[in-house]
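>>> kindly return the folded structure for what I paste below:
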Amino acid sequence: MKFIRNLYCGEKACKKAGKIKRKLQSRAGMINVYCIVIPQYGTDLLEIYPSYVLLQPFLHKEVMIAGIACGYDEAVKVVEQILEDTVKEQGNYKVREYLLGHQRK
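Numbers count the residues shown, from 1 in each chain. Got it, this is the predicted structure:
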């Protein structure tokens, strides 16, 4: 499991971002925590997973987390923010390139 350098956080999640990251990395279960993930395959821009889905071993190693949120509604707002930032910076919806490009800087 990897996190992008400038992790996007919802309002509630920002207050406990360090704790959430530690628990995700140690595979501890959390209620009402959602992760915004850069998809590995396919044409989706982003994917929203409840944190318990990432407890699965095959997903745990391969995912790149772009954002965290407390609650599904907050996760949708985080996705909206990522999309707004992508369009503002690049003028397109190439979210993967935008997020991974910032990862390298």
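
>>> any low-confidence regions in the chain?
Within the chain, the stretches with pLDDT under 70 are 59-60, 103-105.

>>> tell me where it has helices.
Here the chain has its helices, by DSSP state H, at 11-15, 17-25, 57-60, 72-90, 95-104.

>>> residue 66: which of those helices is closest?
Counting by C-beta to C-beta, residue 66 lies closest to helix 95-104 out of the helices of the chain; the figure is 5.3 Å. Where C-beta positions appear, they are placed from N, C-alpha and C, glycine not excepted.

>>> so can I have TSV of the helices of the chain showing mean neighbour count and distance to residue 34?
Shown next, in TSV, are these (neighbours: other C-beta atoms under 10 Å; distance: least, C-beta to C-beta, whole Å):
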stretch	mean neighbour count	distance to residue 34
helix 11-15	15	9
helix 17-25	15	10
helix 57-60	11	14
helix 72-90	16	4
helix 95-104	15	17
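
>>> how about these in TSV, adding distance to residue 38?
Putting these into TSV (distance: least, C-beta to C-beta, whole Å) gives the following:
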stretch	distance to residue 38
helix 11-15	17
helix 17-25	15
helix 57-60	13
helix 72-90	10
helix 95-104	6
